[in-house]
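Enquirer: here is a sequence with its predicted model. Questions after.
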Amino acid sequence: MRLQGIGASDGIGIGTAVRFLEENLDFSNIVSAGTEAEKLRLQTAIQNFRDVTTDMAEQVRNKLGDKDAEILTGQLMMLEDPYLSAELNQTIEKGQCAEAAVYEILTNYANLFSSMEDSLMQQRATDVIDLRTRLLKTLLGKQDLDYSQLPHNCVLLLHELTPSIAVGLPIERVAAIVTEVGGRTSHAAILARSLQLPAVLGVSGVLHQVKDQETLVVDGTEGIVILSPEETVLQSYQEKLLHYRQELELLSVYRNRKTQDADGNCVTLLCNIGSVQEAQIAQENGAEGIGLFRTEFLFMDRASAPTEEEQYEAYAAVSNIFQGKEVIVRTLDIGGDKGIPYFHMDAEENPFLGYRAIRYCLDHTDLYKTQLRALLRASSRHHNLKIMVPFVTSIEELRSAKQLLNECKKELSAQNIPYDAEIPLGIMVETPAAVQIADLLAQEADFFSIGTNDLTQYTLAVDRGNPKVSNLYTPLHPAVLRSICSVVEAAQNAHIPVGMCGEAAADPRLVPLLLFWGLEEFSVSISSLLQIRKEIGTWKISQAAALTKTVMAMGNTHDIVTYLDTQLSSR
Amino acid sequence: MVSATTKIVNPMGMHMRPAQLFVNTASKFQSDITILYQGNRINAKSIMHLMAACLKQGSELEIECQGPDEAEALAQTVALIESGLGE
């Protein structure tokens, strides 16, 4: 049987199923053993909880950072609250058992918090409920998952992957993770990617469909879970896994190398990321900086927009990881297919042609300035941040963004808050309009980065999410290739740096063309990084020139694709 | 007993982290420390009550300290709120 979920962390895992079932926390059979006895039970449980949680917070801090640890330190703090202890004791004195006291009092607080208008308080309500669950488990003697009992090569099945579970995982024994809830941008997905574990999320009911000890194949790239696969299927996945590992092994020699073509000319190879954790992995995998930090991920899976302080911390952390190297941060790119519930954006007839990215931000200047201020502040230490404006279609948009940035600079100066006064402001070239006026934009932008995903979709008027036309979507269409070529040229004429951060930058077939045209920066996903570094190293400019001339003389996509495929496979 | 009025200046208001910081400071003192806000009396050493009070940026409040170290307690808690609660 095959189950489809959301492929949230690439790779293949094959192993035996271990289900982590939610514990039964029913305490209705427990009667109070007397006031003093119940108070003592509660005291002991709180002490145990405190010891375990203090350790856990320390580990989370080391592995995942302060932000995730805060949930746990907050829980410890709540338990130290003298009012809370008094209320718990009073409930026990009324003849209740310790479990009932914990349940009643913490439920009251959770309800109180969740009844408040403030969205951050909703989050606190969730924290209180988590505290209630964990404290009840301690009282009832239910263990958290015992990691020491996990067999080697297990596939872990969970309702949800939380930071407190992720931190204890013995990664060397876990082949993959499958959960019932969570999407590609969920906290769990980011955790799985940062642990580099193949993961399929959002497979509802999987805990009931899988038996313990059953053999599972998890394909985190495709989002598939196969239960008790037939011998032939299992074999083909084992080969795939082996191949995947060999490939990784072969590529690992490129980790610490420079990125240069066969003539020795260097280009810069950057990574696309969406979180601080990914920045860390990118760095460990040999990225020479960040070419695209998708900041909308900081805004997803939460109840309200991150504060200036929270954003500052994220940008400063990435800046710090890549000190001495550049970090290009794309300002909020929402709308289109990326909705954020708390922005209450109306449904649109044509969201991709609608109210999105810079258009939305220029109408919501408070939101935008909060982000710009956070970026400016985060730039003060290492001077390596660059700000990139998405979805630009006119020179006015660039000017408006620049004006807001200048306002923020003035405000910070007035408050004596330091920032990088020379912080570059560039644009993502991803609309046909920007391509057509690239020469004008290049006069006022500090850099260009070509976003080929949207550029291809808008140039070819193809929705790649629509299966009826998605076959028409390809960056190898002459119209897209000519656009890329002219944008690179416009940047060179104006002497500003130009890079590419769309998926096309990781397409080996495009590498020779981009090298010949003189693209300076390639920004790709972490999983393509070493592959592209290797690919770039195989091209002499003379060979790339000859190939590019032939391709650009061809009039249709089919010929171009066939030619490039033959050329690349015969090398 | 000593008291003073002050105002929350940090954008997040009295949320988890600022509240943790505030409770830690208040708990160093023997004095009883009470926040008076919109007719409610809030124990400044209780993180639950502080968060439940929903003190936001711009909220005006009074801090009341009573005990052997009341002067110092008042000075430090007011200074902390006015410095933006670590934000």
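Expert: Nice, I can see it.

Enquirer: tell me how far the residue in the stretch 451-571 of chain A positioned nearest to chain B lies from A:Val174.
Expert: Residue nearest to chain B within the stretch 451-571 of chain A: A:Ile526 (30.6 Å; CB to the nearest CB). No exception for glycine: its C-beta is placed from N, CA and C like everyone else's. For A:Ile526, the distance to A:Val174 equals 20 Å [CB to CB, to the nearest Å].

Enquirer: wait, the residue of the stretch 451-571 of chain A closest to chain B sits on A:Ala287?
Expert: Yes. At 7.4 Å, A:Ile526 and A:Ala287 qualify as touching, with contact defined as CB atoms under 8 Å.

Enquirer: quick revisit: now the phi/psi pair for the residue of the stretch 451-571 of chain A closest to chain B, please.
Expert: Backbone torsions for A:Ile526, taken as degrees, to the nearest 10, come to phi -60, psi -40.

Enquirer: for the stretch 251-400 of chain A, which segments count as helices?
Expert: A:276-284, A:308-321, A:357-363, A:365-379, A:395-414 (DSSP state H, counting those that start in this stretch).

Enquirer: next: chain B.
Expert: Secondary structure of chain B (DSSP state H): helices at B:16-26, B:47-52, B:70-82.

Enquirer: for these, which one sits closest to A:Asp333?
Expert: helix B:16-26 (28.1 Å; CB to CB).

Enquirer: for the closest one, packing partners?
Expert: helix A:66-80, helix A:119-139, helix B:47-52, helix B:70-82 (3 or more CB pairs under 8 Å, 6 or more residues apart in numbering or on different chains; DSSP states H and E).

Enquirer: at 10 Å what do you get?
Expert: Packing partners of helix B:16-26 (3 or more CB pairs under 10 Å, 6 or more residues apart in numbering or on different chains; DSSP states H and E): helix A:66-80, helix A:119-139, strand B:32-37, helix B:47-52, helix B:70-82.

Enquirer: which of the ones you listed is buried the deepest?
Expert: Across those, the average number of neighbours (mean count of other CB atoms under 10 Å in any protein chain shown) peaks for helix B:47-52, which reaches a mean of 24.

Enquirer: what mean pLDDT does that one get?
Expert: The pLDDT scores in helix B:47-52 average 89.

Enquirer: so it, near chain A or not?
Expert: Yes. Counting by CB under 10 Å from any CB of the partner chain, chain A has neighbours in helix B:47-52: B:Ile47, B:Met48, B:His49, B:Leu50, B:Met51, B:Ala52.

Enquirer: can you tell me which two in these are farthest apart?
Expert: The most widely separated members of the residues of helix B:47-52 next to chain A, counting by CB to CB, are B:Ile47 and B:Ala52 (9.5 Å).

Enquirer: roughly how far does the nearest residue to A:Gly289 once chain neighbours are set aside sit from A:Ser379?
Expert: Residue nearest to A:Gly289 in three dimensions, not counting chain neighbours: A:Lys325, with 3.8 Å by CB to CB, 6 or more residues apart in numbering or on different chains. The spacing between A:Lys325 and A:Ser379, counted by CB to CB, is 14 Å.

Enquirer: more neighbours: which of these two?
Expert: Per other CB atoms under 10 Å in any protein chain shown, whichever of A:Lys325 and A:Ser379 has more neighbours is A:Ser379, with 25 against 16.

Enquirer: and the residue of chain A nearest chain B?
Expert: Using CB to the nearest CB, the single residue of chain A nearest to chain B is A:Tyr83, 4.0 Å away.

Enquirer: surely that residue is in a strand?
Expert: No. Counting by DSSP: H, G, I helix; E, B strand; the rest coil, A:Tyr83 is not found in a strand; it is helix.

Enquirer: so who does it touch?
Expert: Applying CB atoms under 10 Å, 6 or more residues apart in numbering or on different chains to A:Tyr83 gives the contacts B:Ile42, B:Asn43, B:Lys45, B:Ser46, B:Ile47, B:Met48, B:His49, B:Leu50.

Enquirer: same question for A:Ile224.
Expert: A:Arg2, A:Leu3, A:Gln4, A:Gly5, A:Gly7, A:Ile12, A:Val200, A:Val203, A:Val217, A:Val218, A:Tyr237.

Enquirer: isn't A:Cys501 up against A:Gly291?
Expert: Yes. Under the criterion of CB atoms under 10 Å, A:Cys501 makes contact with A:Gly291 at 4.8 Å.

Enquirer: quick check: neighbours shared by these two?
Expert: Residues touching both A:Cys501 and A:Gly291 by CB under 10 Å, 6+ apart: A:Leu270, A:Cys271, A:Asn272, A:Ile328, A:Arg330, A:Met388, A:Ser449, A:Glu521, A:Phe522, A:Ser523, A:Val524.

Enquirer: what sits against the second one?
Expert: By that I understand A:Cys271. A:Cys271 touches A:278-279, A:281-283, A:285-293, A:322, A:327, A:501, A:522-529, counting by CB under 10 Å, 6+ apart.

Enquirer: looking at strand pairing, list the partners for it.
Expert: Beta bridges link A:Cys271 to A:Ile290, A:Val524 when assigned by DSSP bridges.

Enquirer: how close does it get to A:Gln280?
Expert: 11 Å.

Enquirer: residue numbers of chain B in contact with chain A?
Expert: Residues of chain B lying near chain A (CB under 10 Å from any CB): B:10-13, B:15-17, B:19-20, B:23-24, B:27, B:42-43, B:45-52, B:54, B:56, B:84, B:86-87.

Enquirer: mean confidence score for stretch A:110-121?
Expert: Stretch A:110-121 shows an average pLDDT of 79 in the prediction.

Enquirer: and B:Gly86, how many neighbours?
Expert: With other CB under 10 Å as criterion, B:Gly86 counts 14.

Enquirer: and the residue nearest to it when sequence neighbours are not counted, what is it in contact with?
Expert: Once flanking residues are discounted, B:Gly86 sits nearest to B:Leu21: 4.9 Å by CB to CB, 6+ apart. Contacts of B:Leu21 were listed using CB under 10 Å, 6+ apart, and they are B:Met14, B:Leu80, B:Leu85, B:Gly86, B:Glu87.

Enquirer: and the residue of chain B closest to chain A?
Expert: For chain B, CB to the nearest CB, closest residue to chain A: B:Ser46, 4.0 Å.

Enquirer: and the gap between that residue and A:Asp454?
Expert: 51 Å.

Enquirer: these two - which one has more neighbours?
Expert: Neighbours were counted for B:Ser46 and for A:Asp454 using other CB under 10 Å; B:Ser46 has more, 23 against 20.

Enquirer: I'd assumed A:Leu481 was in contact with A:Pro512.
Expert: No. A:Pro512 lies out of contact with A:Leu481 (CB under 10 Å); the separation is 12.0 Å.

Enquirer: hey, what's in contact with both of those two?
Expert: Residues touching both A:Pro512 and A:Leu481 (CB under 10 Å, 6+ apart): A:Thr548, A:Val551.

Enquirer: what's the closest non-adjacent residue to the residue lying farthest from the centre of chain B?
Expert: Residue distances from the centre of chain B (CA atoms, centre = their mean) peak at B:Pro68, which lies 18.0 Å from the mean C-alpha position. The shortest distance from B:Pro68 to any non-neighbouring residue, by CB to CB, 6+ apart, is to B:Gln30 (5.5 Å).

Enquirer: residues from the stretch 1-150 of chain A in reach of chain B?
Expert: Near chain B, when you scan the stretch 1-150 of chain A using CB under 10 Å from any CB, you find A:66, A:70-71, A:73-74, A:76-87, A:105-106, A:108-109, A:112-113, A:116-118, A:120-121, A:123-124, A:127-128.

Enquirer: any weak-confidence spans in chain B?
Expert: Along chain B, the model assigns pLDDT under 70 to no residue.
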